[in-house]
Structures are given as structure tokens and as C-alpha cells.
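Here's a sequence, model it:
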Amino acid sequence: MKKCSFITLGCKVNQYETQALREAIMSNGYVETSVSSPADLCVINTCTVTSTSDDKSRQQIRKVIRNNPDATVIVTGCYAESDAEAIKKIDGVGYVFEKGREGKIIEYLKNGFIPDNDPVPISSNIRDPHTKKLRQNKSAFDLKVSKFDGHTRAFLKIEDGCDIFCSYCIIPYVRGKVISKKIDDILFEAEQLVSNGYKEIVLTGIHLGAYGKETGYQINIVDVLKELQAIQGLRRIRLSSIEVNEVTDDLIDIIADSDNICPHFHLPLQSGDDYILKRMNRRYNAAQYLETLEKIKKKIDLPSISTDVLVGFPGESRKHFENTLGLCEQAGFSRTHIFPYSPRADTPAAKMPEHCKVSDIKGRKKELESLAAETSLRYKSVFTGKNISVLVEGSRGEKTGELCGYSDRYVKVLFDGPDDLMNEIVDVRVRRVLPQYVVGKRDPNADIK
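Predicted coordinates:
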């Protein structure tokens, strides 16, 4: 049988899309092999969210070609959409597939060849950020998943595309307009995943809160959650990320009243200063962000609020950054992902004046990391002496050899126990809190949930 390897860069949506390709390719006579082993076909799913992502994508492509000079190398993903010409110049690349054409790979493999005359995307795929003209995602959901190799939790993409146009972001120009998966297709995939043993599904999308936008929100994210709750055996449903201004009262209520929707909100902040938020073209201000957090905390016991922060955006002064520090302290985030700003070509932010010094960005990132560690430790400490529900991963911690898993509030937990607890949901009493995780103990006589 022919062998195929896969490399995925970037976000959870990319991970989902690679899995969909993996299943389709495997069903066409291939077996998967590791990226370090010889293969007949190598598929690289690229990312272009930053210039560094482009660099990493090119490095991975060249590395695969060096290690597998006889393989057919196929490049897809967001970088393939944004700059196919640069990829085609890399000696050894076989084929480049733009976004929405991933299904074509399977069509070609079924025929036993990939036609040399098939059109390949060109550099004009990049849209002028000032025209805001986007393509339609006509085939964003051609491929589906039924499992998620190597994961205890499964990702399920229900939405693609974005039209917020944050001034630092290239993604709307490579992903296109918002498009939502039909709810029947969502339920079909979710049922398949549950039947294959997955107890938790993470709903993903490029702009998850915009689900249903193209229909005027006749069906929205709350409707999706209502339907998914009824699937027998689906123990946990988690939202990957949602914009704070899309957290409605209905969304808070359904999570507050649910036994299987995780009380975990990932709400990208990016900045805690109104001037910078406006320059970023974000759709909220600092007060609105905090107001939404208060709404959540009033209705949900100990909700987990995680976030993303972009440090050193053009025009960010020390005072602006201090406003971000203040908001992060007040919010008490359970987890904070911190990104240093770097100019992304073809975005309005790259053309803005007053770019911050690299040394200032590094210093601010370090300062925010220190605060983020404090707020994370403070949040986890609340669970000391309490039982928390843990979905146990399929492998032990590399350093400790203990079982590990995540609570519904996305707290990482380590504890002693037998292998037969893997992929089960169990109660663990928290004994000790460390910066990256908590350590607990499970009653050996306790029932598995």
C-alpha cells in the first residue's frame, strides 16, 4: 500500500482540516506513516497568520522535500492561498491547492494521477485589504471527520471565514466570507465522533460566533449547542473561541444551565486600551469586555476565562500597555496567550506609523507573562481541596509518568491511577497547585462517570 505523511501548522481549524484529508486519503488506499519515514505522498497544511508562520511553512516544506525527495509533495492551507507563487518556486513541490479546493486532492488520487494542466492558484489570490472583496467559501465543508487520531478530544469545524477585518490580520483575505456548516451535517459528524469513543467535542471555526451570519442568524451558535446537548454519550461540548461582543445572554444562559457544555470561555482581548482597540478595528471597548465578564461570573460558578493578547501594536505607548495590564489583573484570566506584534504584509496595521521598538515589545511581553502566571495560579488555587471532573488523556505525563487530563474548566490535572482510566471522565480532588497544572488524588473506589 502507498504511504502518506501529514504536517499541520497553525490553528485548531487546520488540525480539523488535516484530519478530514487524512480520513479521505486513507480511504483511497494509503496508510499513514511518520513524517520522518519514507512516503509516497506528503501533505503539508500551512498557516499564514503571521510572517513568522509563512517562514515556518516554507521551512517545513523544504524539510519534507529533503527527507522525502521521491515523494509527491502537496501543499495546502492558508499560506497556499496567500502566496502560492512563492511555494511553487520551491524545488520539489508537486502541487499547490488553495483554500476550498482540498477536496480536489481526493478527486485526483481516485484517478491515480494529478493532471499537470490543472490550474494552480497564483499570487493574485491575495485581496487588497482596502477593497475588502472576498471570495465565497463554496466547498469549505466537502470533507468530514469521524475520528481524531492522537487526541482524546475531537475538534469539529462548524464555521469558516471571517469578515471582521482586524487591522493586523490577513485571515479574512485567505479564508473568505463567513460560511456555516448545515446543522444536520454538524450532528452527523458529532454522532460519528461519539460512536467512535470521543466524550468531548470542541467546536471550532475561524469566527465561531458568526455561525449563521449569512442567514441573518436564523440559526445561531446557541441553536447548535441546543441540538448537540441531546446527543447521547456526548459528555462535553466546548467552544474553542468566541468574540466577547458575541457572548449573548442566551449563550451564557445555556452554558449556565447545561450539564455538558463546558463553563470555559476563550475571549480574545488583544488590548485593554480603547485607543489601541479602535486602531485594531476590534468591535468592543474595555468597559464592554469587563461588563460581559461580570455577566458570565454572575450566572456561572467559577467560569474559566482565557484570552489572547497582542503586545506592541503600532501606537501602543506605555500608558496603553498599562491599561492592558490593569484589565488583565481585573479579569483574572485562567490562561493568557501572549503574542508580540510583528508587521503582517498586506494588512493596514503594517502601514501604520509609530511601530514599537522590538526591545519594548519584548519587555512588555515578559511583564505580561509574569502577570498572566499570577492570575492563572490564583484561578487554579480556588480548586484546592475540591473535586474536579477530569477527562483523562490517552498517554501519561512525559516527565511525571502520572495520568493527566483537563477539567471542564480547562485546568490541567495530574494524578496517580491505572491505565484503564484513560479516555474516561473521573473526579479528582485537588491537593497541590503548580504554575502549569494542579496535582490531585482520586478515590480508587470512586465510580467512573
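
residue contacts, Thr52?
Thr52 is in contact with Ser342, counting by CB atoms under 8 Å, 6 or more residues apart in numbering. All C-beta spots, glycine's among them, are computed from the backbone N, C-alpha and C.

Return the distance of the helix or strand hosting it from the chain's centre.
Assigned by DSSP states H and E, Thr52 falls within helix 51-67. Here helix 51-67 is found 21 Å from its chain centre; the criterion is CA atoms, centre = their mean, to the nearest Å.

Let me know the next secondary structure element after that helix.
The C-terminal neighbour of helix 51-67 among helices and strands, as given by DSSP H and E, is strand 72-77.

same for that next one, what does it pack against?
Contacts defined by 3 or more CB pairs under 8 Å, 6 or more residues apart in numbering; DSSP states H and E place strand 72-77 against helix 12-26, strand 41-46, helix 51-67, strand 95-96, helix 102-111.

if you set the cut-off to 10 Å instead, what comes out?
Using 3 or more CB pairs under 10 Å, 6 or more residues apart in numbering; DSSP states H and E as the contact criterion, the secondary-structure elements in contact with strand 72-77 are strand 2-8, helix 12-26, strand 41-46, helix 51-67, helix 84-88, strand 95-96, helix 102-111.

what about the ones you listed, which gets the closest to Phe313?
Smallest distance to Phe313 across the helices and strands packed on strand 72-77 (CB to CB): 15.2 Å, for helix 51-67.

List the buried residues in that closest one.
Residues of helix 51-67 classed as buried by neighbour count (16 or more other CB atoms under 10 Å): 53-54, 56-58, 60-61, 64-65.

now do stretch 324-340
324-325, 327-328, 331, 333-336, 338, 340.

Just the residues you listed: which are in strands?
335-336, 338, 340 (DSSP state E).

tell me which of those residues is nearest to Val428?
Distances from those to Val428 were compared by CB to CB; the smallest belongs to Arg335, at 19.0 Å.

now the strands for the stretch 301-449 of the chain?
Applying DSSP state E, counting those that start in this stretch to the stretch 301-449 of the chain gives strands spanning 304-311, 335-340, 387-392, 403-407, 412-415, 425-433, 438-441.

For stretch 8-18, give the mean pLDDT please.
Per-region confidence: stretch 8-18 scores 94 on mean pLDDT.

hey, C-alpha coordinates of it in CSV?
Below are the C-alpha coordinates for stretch 8-18, written out as CSV (Å, rounded to 0.1, in the frame of the first residue of the first chain):
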residue,chain,number,x,y,z
THR,A,8,-0.1,20.6,10.2
LEU,A,9,0.8,24.2,11.1
GLY,A,10,-1.5,26.7,12.8
CYS,A,11,-4.8,26.6,14.5
LYS,A,12,-7.4,24.0,15.5
VAL,A,13,-9.3,24.6,12.3
ASN,A,14,-6.2,23.5,10.4
GLN,A,15,-6.0,20.4,12.6
TYR,A,16,-9.6,19.6,11.8
GLU,A,17,-9.0,20.1,8.0
THR,A,18,-5.9,17.9,8.1
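
for stretch 19-35, how far is the first residue from the last?
The separation between the terminal residues of stretch 19-35, taken as CA to CA, to the nearest Å, is 15 Å.

Apologies, that question was intended for stretch 307-323.
Taking CA to CA, stretch 307-323 runs 16 Å from one end to the other.

same question, stretch 427-438
Across its full length, stretch 427-438 reaches 13 Å between end residues, using CA to CA.

And it, what's buried?
Neighbour count says stretch 427-438 has 427-430, 433, 437-438 buried, by 16+ other CB under 10 Å.

again, but for stretch 212-220
Judged by neighbour count (16+ other CB under 10 Å), stretch 212-220 contains these buried residues: 212-214, 220.

Arrange the residues you listed in a markdown table, one row each, with secondary structure as further columns.
What follows is the buried residues of stretch 212-220, written out as a markdown table (DSSP: H, G, I helix; E, B strand; the rest coil):
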| residue | secondary structure |
| --- | --- |
| Gly212 | coil |
| Lys213 | helix |
| Glu214 | helix |
| Asn220 | coil |
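
Any chance of TSV for the residues you listed, columns pLDDT?
Converted to TSV, the buried residues of stretch 212-220 look like this (pLDDT from 0 to 100):
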residue	pLDDT
Gly212	96
Lys213	95
Glu214	92
Asn220	97
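
Of all pairs in these, which one spans the longest distance?
Of all pairs in the buried residues of stretch 212-220, the most separated under CB to CB is Glu214 and Asn220 at 11.6 Å.

tell me, what's touching these two both at once?
Ser180 (CB atoms under 10 Å, 6 or more residues apart in numbering).

what bits of the stretch 201-350 of the chain have low per-residue confidence?
Regions of the stretch 201-350 of the chain meeting the criterion pLDDT under 70 are absent.

which of the ones in strands among the buried residues of stretch 324-340 lies closest to Lys89?
Ranked by distance to Lys89 (CB to CB), those are led by Pro340 at 28.8 Å.

Check the secondary structure at the closest residue to Arg58 other than its chain neighbours for me.
Spatial nearest neighbour of Arg58, excluding adjacent residues (CB to CB, 6 or more residues apart in numbering): Ile90 at 6.9 Å. Applying three-state DSSP to Ile90 yields a three-state assignment of coil.

and Ile90, what is it in contact with?
Contacts for Ile90 were tallied using CB under 10 Å, 6+ apart; they are 58, 61-62, 65, 73, 75, 96.
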